[in-house]
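Trainee: how would this look folded up:
(2 chains)
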Amino acid sequence: MHRTPLGSARIALGLAVLACAVPMAVPLTVLLTAPLAVPRAQAMGVRSPAPPPAQADFVPDEVIVRFRPQVSAAALAALLRELGLVIRKPLGPERAYLLGITDGSAVPAMVERLQARAEVESAAPNRISRLNPPLPPQPIRKPE
Amino acid sequence: MNPDASAVRQGCDRAPIPPEPPMPERPIPSLRRLRPALLLVLLLLTLPMAGSAQDAVPLRSVPLNSGSLDAVPLDSRGRPVYAPGEVLVQLQPGLTPASIGAPANALAWGSSPLDTGSRPLHAGPHGALHRLHLAPGTNVEAALAALRADPAVQSASPNYYNYPLLVPADTFYSQQWALNNSGQYTGGTYPTHDGQTPSHMNGAIPGDDIDAQRAWDVPTSGASTGSGMIVAVIDTGVDYTHPDLATQMWNGLLPNGSPAALCPGPPTTPPSPPSPPSGPPSQHGGCDITDGTNDPAPTVFTGESSHGTHVAGIIAAANQNGANNSGIVGIAFNAKIMALQVLQDDPTMADPLHPGQRIPDPNYGATDADIISAISYAAQNGATVINMSLGRPGTEDLVMTTAIQGAIMAGVVLVAAAGNSNADNDISSNALWPANYAAVPTTAAGFISVAASDQADQRASFSDYGLNSVSIAAPGVNIGSSVNLSNDPTCTSPPCVGWAYESGTSQASPTVAGVVALLRGAFPALTPTEVKQRILDTGDALPVGPATLPCFVASNKRVNAYNALALPPNTVVPASCTPPPPPSTSSSSSKTGCLVTWLTEDWLPRRALDPLRQVRGFLWQRGEWGRELVRGYYRESGRIIAWLEAARAAAQAGVRTAVI
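Mentor: Take a look at the predicted model:
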């Protein structure tokens, strides 16, 4: 099952009828002019002549790596030099780092190379989590 | 064992539910251990209570003046929970207070014309109820312990004070159906479960809520409004100037009062030197993990970047703040928000086709690395709950697994949104992380994933689900909370800071996080594992019927804050107690209640080789303990006699027996 692209909800947000002042007293009928069964972008009248920019699943030049406990600092530095990696920042757990790829290698290929190394406990892309609201915010009505 | 998996068996496979104690102070045998014995037990429903008095062990000597009147516990607002110096006692039938064997110099009844031995507060064939005044300096708890051990006494309890219930005066409180569902029309735009538009909210079922209003008034040993709890919101950042949140932000101190760690600095690339930590989190209640500053608010506020502000409000928006009691009230309104921003400051980008205009940035998101850093920072700096209303597909990240394990070991409960794709997260290709850590054996114990339900306890049409990977449901449709939309295209009259409805598991997750904060504030000694189990055990059973999936979360429950705080420890609200409706009737009116029974061990003569055990059955209906339907005793070597008759009678009255 495919997940709803984040972009669709975001486009809808742009044109959603939304009163921001408090109290917000937008008539309900205005809010219901776009049946949910209709594709949201179409219902909202969004013009979109060009395809939206691609949505990346992970950061293109970063990997998350945790090294094995016995790896020395010298061995770590040598490994990074060999693979063209730099430390961007240490992460919370011990021996875990966000590494930057400096030689232009693709992330999946770099992850494979790292996973094949004895010094590496785990290696993975730096994946990107999204928000995925089914609808944009809607005005809250003052109690009648 | 994965608590979720256990709950699946309880809720959906209709397996027997473990026995639970009516009284926390009495040890309870395992139902599984007793089940063979139950097939043989002799149940004597009409055994006179007076008989137990004859066989009871002698009254133990309890020092009654071991405490002082100052020991009366206070509720979350500093009021005494019960009256000092007096107790309520129900005697065995036919007895008077003179039958009580406690030392005469410790108890003194009859000092009031209303509660003399001849004038009980209530008299009846089942025993008289008396108010006893204790001798000066007598500790109530010590007196209760002595009285409960006395064979002349059926029950003894404090004389609890009753206070006006907390009903927030916040402007939009009446619209917060998740906290107190009266069947109100909330004005949102999401269709109800029956496919009707919100103008036809007949599908709403009053009471299908988390019962927050009653939870705030539960007298507990700790605070039942989240006092002292720090809830980390790993999200888009929080508008810490919002009128409902400005007073609710974390002050940057650890629970012991010392300053928390500085916010981590930004990442660097050699040969640049590693960046030093940035400023203290106390300035704005958290950290921006993405750029390494201590300003955890987006610079551009749109509907999307306001996400974290909405989430924070659900958890801990101020109660009755401002001159006009503006806005909403958060579930744990005395907790503090630790804002940890993991999405960029600006959710938009320049429109390549239309210079000068901006469009949503498709790469607006949170990286695993920043979420890992945020989890670790929260765990090391005093957070007791972490909420994560975001997610990604793919596979588990082992470094994040380690970070989550570390957080749980540090005493943190993690809560995450199950996702909004109407997908089964149990299918590996649909797995959503971090929510699916609720099903990873090494992290499941303290990690809760949350689906969204609507105002009739139906699964929201968008909500992800999973009998293994999604722990529990919570309200997630038309949830009103705080927003800042000052940079949103829809903002025509800035500053556009106010309140709005949003729908999603992003709203359901902080609802559970708020309840966790209440529970941890009330019972600080609970471990993350115990907190999760209690949240799952005490939720309200979701309706089962043709209108929805029979079970869509592991526990088959919707979270209930009152139950979580008020029910005796280890109580399990059966998940399968709501019977499927007859095919010809509506599903919304089929809740007839559930007979919940339990066993108590060694309740009667301890000297007997074959001790009597007690079985009690109460009606559990719509979150309330009702009348006692069954009370009886059995011997393990005996035969079932009356129990089956009682269960049959209950069934004829429309009550299902959940535990036998």
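Trainee: is it true that B:Gly279 touches B:Asn294?
Mentor: Yes. Shown here, B:Gly279 and B:Asn294 form a contact pair, counting by CB atoms under 8 Å, at 3.9 Å. Just so you know, the C-beta spots here come from the backbone N, C-alpha and C atoms, and that holds for glycine as well.
Trainee: ok and the residue in the stretch 451-600 of chain B nearest chain A?
Mentor: B:Cys496 (3.0 Å; CB to the nearest CB).
Trainee: For that residue, report the pLDDT, please.
Mentor: pLDDT for B:Cys496: 89.
Trainee: residues near it, how many?
Mentor: Residues lying near B:Cys496 (other CB atoms under 10 Å in any protein chain shown) number 23.
Trainee: so where do the helices sit in the chain?
Mentor: Since you didn't name a chain, this refers to chain A. Secondary structure of chain A (DSSP state H): helices located at A:6-15, A:28-31, A:40-43, A:73-83, A:107-115.
Trainee: The chain in question should be chain B.
Mentor: Ranges of helices within chain B are B:3-11, B:31-38, B:49-55, B:140-148, B:212-215, B:307-316, B:368-380, B:398-409, B:505-522, B:528-537, B:561-566, B:642-652, based on DSSP H.
Trainee: Can you list the helices and strands that the shortest one packs against?
Mentor: Taking 3 or more CB pairs under 8 Å, 6 or more residues apart in numbering or on different chains; DSSP states H and E as the contact definition, the neighbouring helices and strands of helix B:212-215 are helix B:561-566.
Trainee: re earlier: give me the more crowded residue out of B:Gly279 and B:Asn294.
Mentor: Shown here are B:Gly279 and B:Asn294; by other CB under 10 Å, B:Asn294 has more neighbours (20 against 15).
Trainee: if I look at the closest residue to chain B within chain A, how far off is B:Asp368?
Mentor: Sorted by distance to chain B under CB to the nearest CB, the residues of chain A start with A:Gly92, at 2.3 Å. Distance of A:Gly92 to B:Asp368, computed by CB to CB, to the nearest Å: 12 Å.
Trainee: Over to B:Pro475?
Mentor: As judged by CB to CB, B:Pro475 and B:Asp368 stand 29 Å apart.
Trainee: picking that back up, look at A:Gly92 and B:Asp368 and report which has more neighbours.
Mentor: Between A:Gly92 and B:Asp368, counted using other CB under 10 Å, the more crowded position is B:Asp368 (28 against 24).
Trainee: My guess is that one contacts A:Ala96. True?
Mentor: No. B:Asp368 is not in contact with A:Ala96 according to CB under 8 Å; the separation is 10.8 Å.
Trainee: Identify the contacts common to these two.
Mentor: Common contacts of B:Asp368 and A:Ala96 (CB atoms under 8 Å, 6 or more residues apart in numbering or on different chains): A:64, B:399.
Trainee: Tell me what B:Val450 is bridged to.
Mentor: Beta-bridge partners for B:Val450, by DSSP bridges, are B:Ala417, B:Ile472.
Trainee: Contacts only, for it.
Mentor: Counting by CB under 8 Å, 6+ apart, B:Val450 touches B:415-418, B:435, B:470-474, B:476, B:505, B:508-509, B:511-512, B:559.
Trainee: same thing but 6 Å
Mentor: Neighbouring residues of B:Val450 by CB atoms under 6 Å, 6 or more residues apart in numbering or on different chains: B:418, B:474, B:508-509, B:512.
Trainee: Check B:Tyr562 too.
Mentor: Shown in contact with B:Tyr562 (CB under 6 Å, 6+ apart): B:211, B:214-215.
Trainee: Which of those sits closest to B:Ala452?
Mentor: B:Asp211 (17.7 Å; CB to CB).
Trainee: can you tell me how far the closest one sits from B:Val515?
Mentor: B:Asp211 sits 10 Å away from B:Val515, going by CB to CB.
Trainee: okay, and the common contacts of those two?
Mentor: Listed as contacting both B:Asp211 and B:Val515 by CB under 6 Å, 6+ apart are B:Ala561.
Trainee: between these two, who's got more neighbours?
Mentor: A count of neighbours by other CB under 10 Å puts B:Val515 above the other of B:Asp211 and B:Val515, at 35 against 26.
Trainee: and B:Ser306, how far is that from chain A?
Mentor: To chain A, B:Ser306 is 7 Å away according to CB to the nearest CB, to the nearest Å.
Trainee: residues contacting that residue?
Mentor: B:483-485 are the contacts of B:Ser306 under CB under 6 Å, 6+ apart.
Trainee: quick one: pLDDT of the closest residue to it other than its chain neighbours?
Mentor: Excluding its sequence neighbours, the residue lying closest to B:Ser306 (CB to CB, 6 or more residues apart in numbering or on different chains) is B:Val483, at 4.6 Å. pLDDT, B:Val483: 95.
Trainee: what's around B:Val483, how many residues?
Mentor: By the criterion of other CB under 10 Å, B:Val483 has 30 neighbours.
Trainee: sorry, back to before: would TSV of the helices of chain B with mean pLDDT be doable?
Mentor: TSV is the format used below for the helices of chain B (pLDDT from 0 to 100):
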stretch	mean pLDDT
helix B:3-11	38
helix B:31-38	34
helix B:49-55	29
helix B:140-148	83
helix B:212-215	90
helix B:307-316	98
helix B:368-380	97
helix B:398-409	97
helix B:505-522	97
helix B:528-537	93
helix B:561-566	90
helix B:642-652	49
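Trainee: would you turn those into JSON lines with distance to B:Pro271?
Mentor: Output for the helices of chain B, formatted as JSON lines (distance: least, CB to CB, whole Å):
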{"stretch": "helix B:3-11", "distance to B:Pro271": "48"}
{"stretch": "helix B:31-38", "distance to B:Pro271": "64"}
{"stretch": "helix B:49-55", "distance to B:Pro271": "82"}
{"stretch": "helix B:140-148", "distance to B:Pro271": "67"}
{"stretch": "helix B:212-215", "distance to B:Pro271": "54"}
{"stretch": "helix B:307-316", "distance to B:Pro271": "35"}
{"stretch": "helix B:368-380", "distance to B:Pro271": "21"}
{"stretch": "helix B:398-409", "distance to B:Pro271": "26"}
{"stretch": "helix B:505-522", "distance to B:Pro271": "41"}
{"stretch": "helix B:528-537", "distance to B:Pro271": "42"}
{"stretch": "helix B:561-566", "distance to B:Pro271": "53"}
{"stretch": "helix B:642-652", "distance to B:Pro271": "77"}
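Trainee: out of the ones you listed, nearest to A:Pro136?
Mentor: Closest approach to A:Pro136 among those (CB to CB): helix B:307-316, 10.6 Å.
Trainee: Show me what that closest one is packed up against.
Mentor: If you count contacts as 3 or more CB pairs under 6 Å, 6 or more residues apart in numbering or on different chains; DSSP states H and E, helix B:307-316 packs onto strand B:230-235, strand B:479-484, helix B:505-522.
Trainee: redo that, cut-off 8 Å
Mentor: Under the contact criterion of 3+ CB pairs under 8 Å, 6+ apart, helix B:307-316 touches strand B:230-235, strand B:336-341, strand B:479-484, strand B:497-502, helix B:505-522.
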